[in-house]
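Undergrad: Sharing a sequence plus its predicted fold:
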Amino acid sequence: MYQQKFIRRYCTLFLLFTLGQVPITVVAQEQHPHPVLLKYDLGQQGGWIPYQQSAQIGRPGIFEEITTLIQATTDLEFEAVHFPPKRAEKALLDGLVDFDFVCLEWLKDERLPGFVYSAPLFDVSEYVVTLRKNAALVPQRSAIYGHPVGTISGYFYFDDKHFTRMDFLNEKLLLLGLQHERFTSIIMEKETAKYWANLLEIDIVFTALHTHGSMLIRLRDEKRELMPQINQAIAQIKASGKLKSLLEKQGVEAVIPATPSSVHAN
């Protein structure tokens, strides 16, 4: 009899203890949710240095370093894939990747439907670039209209209906095409052009500004609920000086615009 009472009492205490643990377990799960994985493209080897790929051996590019900083303060994880530019755009539209880094000034239609856009990260400038000896031939942007212009296959150029694109696979080949005078001018982001011109010892000049704007994260619309986290992280890495330090270590001189009080997160 005593043994039966002991067993009943033990079972009751065990049941109460077990039930009492259920809310604790649920709370723990709520406080530590599974990270959300977001995929993005970093291009092919040697593409868009120092943004997709770093100019420094063994170091990730600027975009990868930014995602690492964002990941540190959010419930997000990031996975890079490597597509050529045309394939990357299709992958974004098809949902194979979740976001990309983009400057709206590159686009013919600035805000495409189906996406939401982050607060600005840093400014980028794209120039019409020529050999120094040909600088006088391109005094302003409109001077390229009606002529062959060196471009990158799959890259956006808002005014490319006004000139004949001469597409190359990457910036290195494009600079070599300019050096061999296959055309008078090319369009290239300033920091990238400086890197390749220095490495290849090509004497270039930036004759006219083509586009200037802020680099943003363009996120597929079905993931829009994650944008507040992303924007909060962007504000933090700006305020802490981490974004500025990152750019300086990559050798990039860039303006970091203030985050507007209202960003397009909805």
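TA: In hand now; what should we look at?
Undergrad: per-residue confidence averaged over stretch 74-87?
TA: Along stretch 74-87, the predicted confidence averages to a pLDDT of 92.
Undergrad: Please name every helix or strand in contact with the biggest strand by length in the chain.
TA: Among the segments of the chain that qualify as a strand by DSSP state E, the longest is strand 204-220. Using 3 or more C-beta pairs under 8 Å, 6 or more residues apart in numbering; DSSP states H and E as the contact criterion, the elements in contact with strand 204-220 are strand 99-103, strand 115-117, strand 123-131, helix 190-200, helix 227-239. Every C-beta, even on glycine, is put in place using the N, C-alpha and C of the backbone.
Undergrad: Any idea which of those gets closest to residue 250?
TA: Each of those was checked against residue 250 via C-beta to C-beta, and the shortest separation belongs to helix 190-200, namely 8.6 Å.
Undergrad: chain center to that closest one: distance?
TA: Its chain's average C-alpha position is 20 Å from that of helix 190-200, according to C-alpha atoms, centre = their mean, to the nearest Å.
Undergrad: Can you list the buried residues in it?
TA: Applying a neighbour-count criterion of 16 or more other C-beta atoms under 10 Å, the buried positions in helix 190-200 are 190-197.
Undergrad: Could you let me know which of these ends up closest to residue 79?
TA: Among those, residue 192 lies closest to residue 79 (C-beta to C-beta), at 24.4 Å.
Undergrad: residues contacting that closest one?
TA: When the contact criterion is C-beta atoms under 8 Å, 6 or more residues apart in numbering, the partners of residue 192 are 48-51, 171.
Undergrad: List only buried entries from those residues.
TA: For the contacts of residue 192, buried by 16+ other C-beta under 10 Å: 48-51, 171.
Undergrad: can you redo those residues as JSON lines with distance to residue 75?
TA: Written out in JSON lines, the entries for the buried ones among the contacts of residue 192 read as follows (distance: C-beta to C-beta, whole Å):
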{"residue": "48", "distance to residue 75": "29"}
{"residue": "49", "distance to residue 75": "31"}
{"residue": "50", "distance to residue 75": "28"}
{"residue": "51", "distance to residue 75": "26"}
{"residue": "171", "distance to residue 75": "35"}
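Undergrad: Distance to residue 40 and pLDDT for those - can I get that in CSV?
TA: Formatted as CSV, the entries for these read as follows, by distance: C-beta to C-beta, whole Å; pLDDT from 0 to 100:
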residue, distance to residue 40, pLDDT
48, 13, 92
49, 17, 95
50, 17, 96
51, 12, 97
171, 20, 95
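Undergrad: Sort out which of those are in helices and list them.
TA: When the buried ones among the contacts of residue 192 are checked against helices using DSSP state H, the ones located there are residue 171.
Undergrad: which one of the buried ones among the contacts of residue 192 is nearest residue 134?
TA: residue 171 (18.8 Å).
Undergrad: For that closest one, list the residues it contacts.
TA: Residues touching residue 171, when contacts are defined by C-beta under 8 Å, 6+ apart, comprise 46-49, 152, 188, 192-193, 196.
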